[in-house]
Every structure is written in C-alpha cells, then in structure tokens.
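J.: Task: produce atomic coordinates for the following.
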Amino acid sequence: MALILPRVTDLLAAAAAELYEADPDEFTQRRQDLAAQAREAGETAVAKQITGLRKPTRSAWVVNRLVRADPQVTSRLAALAAELRDGSSMDGTRIRELTAARSRLVDELTRQALQVSDLPAPPAALREEVTATLDAAIADPEVAANLGTLVRAAHWAGFGLDPMTSFPAAAPSPSPRKPPSAPPTPKSSQQLQTRKPPETPDPAEAAAERDRRRQEKIQTAERALAEADQTAESANLAEQDLEDTVRCLEAELADARQRLAEARRQSYRAESRQRRANAELGRLRE
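T.: Numbers count the residues shown, from 1 in each chain. Model (predicted):
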C-alpha cells in the first residue's frame, strides 16, 4: 500500500502537537528530527516553519499539556470569560459570585495541570506561573487563543477586568439622619480664627487620585512585561542561532570525518603498494 503523506497544514500541526506536549528537555532534538522528516518528504517550507517553533518554558509546557490532555479546558475558560465580560450589566452580588467561580476554576485547573504533568510537588514559582497563565487566559483573548502552543507563562497587565482585583463589597446602607441639635454658642472672633473646621476630602478627587495611581502601576507592570518579553525573545533568537551553528558544525564535522576516513583508506592502499614494490625490488636484486 502506498504511503499517503498528510497535508502541509496537518504535517505542521502534528509537529506542533508533538513538540508542545513532549517534555521541554526533548524539544530541541525532536524539533530537529521533525524538520528533517519534513525536508525528506519534500516539504521544505514546512521544515522551516517547524524549525521556527520556539521552545516553551516549563510552566508554559504544563499549561499546554493540560489543554491537549483535556479539550474541555479551553471551553470552560471561554465560558467564564464571556460571563465576566458582561459583568457591567450585573449587580454586585452576581459579580462577586463570578469572581469566586473564577478563583475556584483557576485553582482546580492548576491542580489538574500539575497532575497531568506528573508534578505533585512543583516549585512555588512554577505553580504561581501556571495559575497566572490560566488567570490571564480568562482576561486576555490572545492568551486564550495560544493555549496549547504557549512559549512562556502569561501575566495579565492590561486594562479592564483585572484578574488580580477583587470586586468591592456592597456599599453600606446610609445611617439614619440625626435630629438637629441646639444652635451652638457663639464664639469669639479669636476662637473662630484659631479653630478652623477640618477640610472634607472631595470624593471625586480621591477617586481620581486612586485611578491615577492604579494607571501608573499598570503602566509600570506593562513596561516590565514588555522588557521581559523582549529579553525572552532575544534569548530564544540566540538559542535558535546557536542551534543553527551547532547543526552547521555537526555537518562540517561529519564531512571532515568522511574525508578523513577516505584519506586513511588511500594512505593504507599507498602503503600496501609501497610494501609490495619494496618486496618486488628485493626479489629482483637477489
């Protein structure tokens, strides 16, 4: 029976599925093997795309493996994200219920992800990154779209519904108004000058100041995230460059070994001819 090769998209998808589900320690070698298989199949463009697939961090791999092991994860995250996006039209009680549901879902999926990846006692930093990534997938559609092929952990640092912000409790009911008291005793002008009533802060100004500080924190976090992304991108590019260099050196080494083996064979044949010639010359001289 003739071998039917998969379509290009299937070939690339199959390679990505294998790479992002396998242990990251095996990623580089397996990516090289899959790219070589694609080239042997005549799919040089796919081989180049496979070579461009980036190695995931350990925490990103944990999330990727969870999503590939349980396809319901993405739909559960998407359903809760849709409800939270409609939070502006809900009352405070419903919003707080959804916030609690979000926390429960992220905790549950974090435990499931670590179990699927056979990490019963992971480092605290890895657990936190897995939790942050799942939380970010609820708030950020771009993170959600990349579940299964994530390269690094995600952290939500945008505007709008902040995963790390809890909704305030319901406002307390106003206290009953007190009956008017007797008019105060008139004070002297000196007392009026020395005792000024405390200034009541303007609620609108206080809220604006809180918003300003929050925006500053968000901008600082976004800058930090952008710098971290740039650093990670540079590191990944450097890794790919080094891998290309290693492949070239390995190819040159293999070629040099072949030439060395051929040179040794020629030297052996020349030495054999030399010995035979010496033996013949000695025989003739006798």
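J.: all contacts plus neighbour counts: C-alpha atoms, from now on.
T.: Noted.
J.: Low-confidence stretches in the stretch 151-286 of the chain?
T.: 157-201, 222, 225-226, 229-230, 232-234, 236-237, 240-241, 243-244, 247 (pLDDT under 70).
J.: which residues in it form helices?
T.: Along the stretch 151-286 of the chain, counting by DSSP state H, counting those that start in this stretch, helices occupy 189-194, 203-285.
J.: Return the most buried member of these.
T.: helix 203-285 (a mean of 12; mean count of other C-alpha atoms under 10 Å).
J.: list the helices and strands that helix packs on?
T.: Helices and strands touching helix 203-285, by 3 or more C-alpha pairs under 8 Å, 6 or more residues apart in numbering; DSSP states H and E: there are none.
J.: Using PDB, write out every CA atom in stretch 205-224.
T.: Only the C-alpha atoms of stretch 205-224 are listed here, as PDB (Å, rounded to 0.1, in the frame of the first residue of the first chain):
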ATOM      1  CA  GLU A 205     -10.800  63.900  43.700                       C
ATOM      2  CA  ALA A 206      -9.900  60.900  45.900                       C
ATOM      3  CA  ALA A 207     -11.300  58.500  43.300                       C
ATOM      4  CA  ALA A 208      -9.400  60.300  40.600                       C
ATOM      5  CA  GLU A 209      -6.200  60.000  42.600                       C
ATOM      6  CA  ARG A 210      -6.700  56.300  43.100                       C
ATOM      7  CA  ASP A 211      -7.300  55.800  39.400                       C
ATOM      8  CA  ARG A 212      -4.200  57.800  38.600                       C
ATOM      9  CA  ARG A 213      -2.100  55.600  40.900                       C
ATOM     10  CA  ARG A 214      -3.600  52.500  39.600                       C
ATOM     11  CA  GLN A 215      -2.900  53.500  36.000                       C
ATOM     12  CA  GLU A 216       0.700  54.300  37.000                       C
ATOM     13  CA  LYS A 217       1.100  50.800  38.500                       C
ATOM     14  CA  ILE A 218      -0.500  49.200  35.300                       C
ATOM     15  CA  GLN A 219       1.900  51.100  33.100                       C
ATOM     16  CA  THR A 220       4.800  50.100  35.200                       C
ATOM     17  CA  ALA A 221       3.700  46.500  35.000                       C
ATOM     18  CA  GLU A 222       3.200  46.700  31.300                       C
ATOM     19  CA  ARG A 223       6.700  48.200  30.800                       C
ATOM     20  CA  ALA A 224       8.200  45.400  32.900                       C
END
